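*Asks:* for reference, the sequence and a predicted model appear below.
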Amino acid sequence: MSLRRRGTAAVALAVAAVLSLGACGSGSAGNGEEGSAGKKDKQSVAKGGKDFADAARKTAAMGTDAKPGQWPRTITHAMGRTVIKAQPKRVVVLDVGELDNVVSLGIKPVGLAPTEGSPQLPSYLKNDAGTPKNVGTINNLNLEAIAGLKPDLILGSQLRAADSYDELSQIAPTVFSIRPGFTWKENYLLNAAALDRTAQAKAKLAEYDAQAKALGKKLGAKKPTVSMVRFMPNGVIRLYANASFIGTILKDAGIPRPKDQDINDLAAEISAENIDQADADYIFTGVYGDPKATDKSKAQGNPLWKNLKAVKDGHAFDVPDETWYLGLGVTAADAVLNDLQKYLTA
Amino acid sequence: MSGRPPGHVLLRLGRGSFLVHRRALVVVVALAVLLVAVVVASLCVGESFVSPVEVCRVLLGRPSPDRLVVGTLRLPRLVVGLLAGAAFGVAGALIQTVARNPLASPDVIGVTHGAGAATVAAMSFGVVSHNALPYLSVGGGLAATLLVYVFAWRRGLHASRFVLVGIGISVALGSLTQLFLTKGDYLVAQQAKVWLTGSLNGRGYDQAAPLALVLLLALPAALWAGRAQRSVTFDDDTATALGVRLDQVRLGLAALGVVLASVATGAAGPIDFVALVAPQIARRLTRTIQIPLLSSALTGALVVVVADLLARRLFAPIELPVGVLTAVVGAPYLMWLIVRTRSRSGGTTS
Amino acid sequence: MSAPTRRRTGWLLAAALMLLVAVLLSLAVGSRQIGPGEVFQALLHGGTSDNAQVVRSLRVPRTVIGIVVGVALALAGTLLQGVTRNPIAEPGVLGISQGASVGVVCAIAFFGVHTLAGYVWFAFAGAALAAAGVYAVASGGYRGASPVRLALAGAAMNAFLASVVSGIATTNARALDEFRFWQVGSISGRGSEIVGQVWPFLLAGLLLVAVVSRGLDALALGDDAATGLGHNVAVLRALGALGATVLTGVAVAAAGPIAFTGLAVPHIARSLVGSAHRWVLPLAALLGPVMLLVSDVIGRIVFPPSEIPVAVMTALLGVPFLIVLVRRKSVVAA
């Protein structure tokens, strides 16, 4: 191509760029009108040291200043302020954490968004959860199904469902925590505030706390280190760290972790060659999905696994994935504490 | 152009020179009618059935008990789906024509993977607000294409080098996206995966507005500039015209296609396969020599809207991302068309 | 020997040397640091130390699988590009890899197969069915499959099967969980018994490659020219497609879907030795495993102590090469 032709090409590209910039401009104008409070920085809570640690503190500051039994009440939450007119009777929960929260407060939700690929209720909640209807999946909510249930309260989290907040809040008062996960206690209190069950929730948490402390005391001054190993797809082995659900429970019980798991992150990842880095006094393994499907048998069959101290001592145990690794909430936490008690004090 | 159009015998009554145009016109009208029918259907059908009368009341702004379901939940995503489908269809037609390869689509020249990488990177590392995501995605798409352009440029731009470099950059960006997904927050990764499939869930007028604007500007421009361009009508023996030089008109058309695809990706995620299949179906239906822009747009919109209807209802209450189903709608039809249009010895496929 | 022939032979030798180096790297370098001396000891004398076990039971199998998969993908890509006369054809684009995925998903969801070794047969069956389907659609006429229709039918099949996979995986929780473990292309964690299962197919594929090798050059001149040279175009194309399918089956069964290698290696090989298939095919067969093994090795050491799957690394590392080589030629031949 000649220089002239090249110039024309450049002009064409420039026109294209201007076109798309124009699109951007008009878009941001459109965004200003509604839901600007709704679509706050959901990314800032997703990753990155300071925000990561701040999430718990920020969530703890949310809630209501209404007195018990006082309706209507205003809830401050991750997406702004929402008024709830009367005691909610038809609650839709958008994640397993919220499910645990409301069920442990004696409420049977009318709708639930399960995780992709596991449409059943978690077995540890099955007895008390009633029969909530499926409303899509966690990452792909079926808004019409939610609307069809005529809920009077929707509970979820910003990180999961910020995209749908505008629609959800038009269906029913919607209260979002910042994120699921290690902030489960703060989320619990936030949900309880929306349901006017704060006292009950605080009692449950106190009960859990006492149990955790009791376990710590029972283990004495020289507590064993505990390693949390989870086998993931693609041969990835995750060592769960402090900013995970299980990490918070171990911390509450004062149980020490191996050094590379004692970090402020969800998990550390290692490859099969480095499985000796997972060693500790006790190892609790969880399997993502079906045990047969993972590399677990392979990793455990690999000679390094047999050479681990915990394995040699008979201190490596498989534990239920749904409470230890997928669980969120006080019911799951109590179940984990029971398991820990069983294995560590046997 | 003497072959009998299958299933359209009546049309052969037209005079030769008008045959093509009349056919294209009839196809456009038929597609539009079909599209209206599907649009009405997808406003009526859902978790609860809403009668067409109520749908009309909502559309006219009258008070209706179904305003929430139809007006707030169904209509916005439908509009995004229509626009995104049309944009992908036109983009595909332009890019296939310029690249002279029926496999070429925004996917191939870096647009969708650039958009994907930018969006997922932003989501994973939390650098921007949620509002900015669509624009980042547009920027990523354009930047990736620019990169392809720069790398493919060597004393001119040749179609096949452009496509190869495009695939290379696309694959690299796709891998980068995978990397972000595995190294970023796992919750974000789950959401990013839904985005990467292309989803209309939770999409609304915020996304539709920029897309509509770009379509309004780009479609007439493409129609005007593309008048003289022949669509991909090479014969069966040459898959790619090797060494075709891209002149300024073609380059401009490609740029329009890239912008359309980028903005559509920003609005609805990289909805798979629409850009590839829509022009192919349109071309086989219309049998025009020109790029079948209008019918590509309509076909694209039709594929996306039908796919979204299926995505909402097939496994209800579980919704699938629309990108999973566009191929279910488009692929069998395209294959049927391929089987139907027998290759004539030495002739063209068009 | 003429000058071009000397140059081409030189490239072949260089590629063989590179393969040797890649194999040694793959045995010696990993996310766990083991000295070369110790690696050598472990290979020759075995041993029970952690390091020796890592070398023998983890690195050797993945290296062997890397070689098999690299050879298979590179040859499959070369064949498909020749047969469809389309420079962007590869097993992934044409739906054959996706067919294997459908096979595996069905095995999990409907047949209760849960081992990697059990998946192999389903992967093969799926790849074969997909390829047959594409071929049947493309050759709906009487002249056999034309390049354009083969490419389009393949792309359509690919997209369609991808939807089938997601459909099954979305509605069958168990299938989703298990499939995830298979789906990402990786040559780690897959035992050597898989090599034992697939080698007869690799051999069959290589045989088919040898058979069609000369015909591919004629095919490049166009169908009519090839017919004029005395080739039966339809048979040639069918055999080529069959060979590509078998080889793709081998690769996908052993390592899951790995894109890009099949696309890029033939182009890289062609840019080095020209388009004659008797040079391109052997060079591709050598460069394929080089690309895969080197990518795998780098994927092991960039984020220690964890690893990056080979499918991701191959593209990141291979793309610069592809671009540089494609730019070297003013016109790219398919």
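*Replies:* Cool, got the structure. Residues are numbered from 1 along each chain as shown, chains lettered A, B, ... in the order given.
*Asks:* isn't C:D50 up against A:D276?
*Replies:* Yes: contact criterion Cβ atoms under 8 Å: C:D50 and A:D276 qualify, at 6.3 Å. Heads up, the C-betas are built off the backbone N, CA and C, glycines and all.
*Asks:* quick check: neighbours shared by the two?
*Replies:* A:L304, A:N307 (Cβ atoms under 8 Å, 6 or more residues apart in numbering or on different chains).
*Asks:* check which residues of the lowest-mean-pLDDT helix or strand in chain B are buried.
*Replies:* Across the helices and strands of chain B, the lowest-confidence element by mean pLDDT, DSSP states H and E is helix B:186-197, at a mean of 76. Across helix B:186-197, burial judged by 16 or more other Cβ atoms under 10 Å in any protein chain shown covers B:L187, B:V188, B:A189, B:Q190, B:Q191, B:A192, B:K193, B:V194, B:W195, B:L196, B:T197.
*Asks:* please name the nearest non-neighbouring residue to the fourth one.
*Replies:* Read it as B:Q190. For B:Q190, ignoring the flanking residues on the chain, the nearest one in space by Cβ to Cβ, 6 or more residues apart in numbering or on different chains is A:N139 at 5.2 Å.
*Asks:* the one you found touches A:R160, doesn't it?
*Replies:* Yes: using Cβ under 8 Å, A:N139 is in contact with A:R160, at 7.3 Å.
*Asks:* before we move on, back to that, show me what the least confident helix or strand of chain B is packed against.
*Replies:* If you count contacts as 3 or more Cβ pairs under 8 Å, 6 or more residues apart in numbering or on different chains; DSSP states H and E, helix B:186-197 packs onto helix A:158-161, helix B:111-125, helix B:159-183, helix B:322-340.
*Asks:* among those, which is the most enclosed?
*Replies:* Ranked by mean neighbour count, the helices and strands packed on helix B:186-197 are led by helix B:111-125 with a mean of 27 (mean count of other Cβ atoms under 10 Å in any protein chain shown).
*Asks:* run the contact check for that one versus chain C.
*Replies:* No: legend: contact between helix B:111-125 and chain C by Cβ under 8 Å from any Cβ of the partner chain is lacking; minimum distance shown is 10.3 Å.
*Asks:* convert that helix to PDB, retaining C-alpha atoms only.
*Replies:* Coordinates of each C-alpha in helix B:111-125 appear next as PDB, following Å, rounded to 0.1, in the frame of the first residue of the first chain:
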ATOM      1  CA  VAL B 111     -12.200  -8.200  19.000                       C
ATOM      2  CA  THR B 112     -14.000 -10.500  21.400                       C
ATOM      3  CA  HIS B 113     -10.900 -11.800  23.100                       C
ATOM      4  CA  GLY B 114      -9.500  -8.300  23.500                       C
ATOM      5  CA  ALA B 115     -12.700  -7.300  25.100                       C
ATOM      6  CA  GLY B 116     -12.700 -10.400  27.200                       C
ATOM      7  CA  ALA B 117      -9.200 -10.000  28.400                       C
ATOM      8  CA  ALA B 118      -9.800  -6.300  29.300                       C
ATOM      9  CA  THR B 119     -13.000  -7.000  31.200                       C
ATOM     10  CA  VAL B 120     -11.700 -10.000  33.100                       C
ATOM     11  CA  ALA B 121      -8.500  -8.300  34.000                       C
ATOM     12  CA  ALA B 122     -10.400  -5.300  35.300                       C
ATOM     13  CA  MET B 123     -12.800  -7.600  37.200                       C
ATOM     14  CA  SER B 124     -10.000  -9.700  38.700                       C
ATOM     15  CA  PHE B 125      -7.800  -6.900  39.800                       C
END
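*Asks:* tilt between that helix and helix B:159-183?
*Replies:* For helix B:111-125 against helix B:159-183, the angle by axes from the mean of the first three to the mean of the last three Cα atoms, to 10 degrees is 20 degrees.
*Asks:* other SSEs contacting helix B:111-125?
*Replies:* Using 3+ Cβ pairs under 8 Å, 6+ apart: helix B:111-125 touches helix B:133-152, helix B:159-183, helix B:186-197, helix B:248-268.
*Asks:* secondary structure element for A:R81?
*Replies:* In the assignment (DSSP states H and E), A:R81 maps to strand A:80-84.
*Asks:* please report how far B:Q191 lies from A:G314.
*Replies:* 41 Å (Cβ to Cβ, to the nearest Å).
*Asks:* what's the longest helix in chain B?
*Replies:* helix B:16-44 (DSSP state H).
*Asks:* report the mean confidence score over that one.
*Replies:* What helix B:16-44 shows for mean pLDDT is 82.
*Asks:* re earlier: could you export the buried residues of helix B:186-197 to TSV, including columns for distance to C:L272?
*Replies:* Below are these laid out as TSV (distance: Cβ to Cβ, whole Å):
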residue	distance to C:L272
B:L187	46
B:V188	42
B:A189	39
B:Q190	43
B:Q191	43
B:A192	38
B:K193	38
B:V194	42
B:W195	40
B:L196	35
B:T197	38
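*Asks:* greatest separation within the residues you listed: which pair is it?
*Replies:* B:L187 and B:T197 (16.9 Å; Cβ to Cβ).
*Asks:* pretty sure A:Q200 contacts A:A192?
*Replies:* Yes: in this structure, A:Q200 is within contact of A:A192 by Cβ under 8 Å, at 6.8 Å.
*Asks:* retrieve the pLDDT associated with the residue nearest to B:Q190.
*Replies:* For A:N139, the predicted pLDDT is 82.
*Asks:* against A:A162, how distant is it?
*Replies:* From A:N139 to A:A162 the distance is 12 Å (Cβ to Cβ).
*Asks:* and if you look at B:Y186?
*Replies:* For B:Y186 relative to A:A162 (Cβ to Cβ), the value is 17 Å.
*Asks:* re earlier: how far out from the middle of the chain is the longest helix of chain B?
*Replies:* Averaging C-alpha positions (Cα atoms, centre = their mean, to the nearest Å) puts helix B:16-44 17 Å from its chain's average.
*Asks:* and that helix, anywhere near chain A?
*Replies:* No: residues of helix B:16-44 are not located near chain A by Cβ under 8 Å from any Cβ, the shortest gap being 11.8 Å.
*Asks:* residues touching the helix or strand following that helix, excluding its own?
*Replies:* The helix or strand immediately downstream of helix B:16-44 is helix B:52-59, counting by DSSP H and E. Helix B:52-59 is contacted from outside by B:V40, B:L43, B:C44, B:P63, B:S64, B:P65, B:D66, B:R67, B:V70, B:G71, B:L75, using Cβ under 8 Å, 6+ apart.
*Asks:* and the nearest residue to the last one once chain neighbours are set aside, what does it touch?
*Replies:* This points to B:L75. Nearest non-adjacent residue to B:L75, counting by Cβ to Cβ, 6+ apart: B:L43, 6.7 Å away. Taking Cβ under 8 Å, 6+ apart, we find B:L43 in contact with B:V50, B:V55, B:L59, B:V70, B:R74, B:L75, B:L78.
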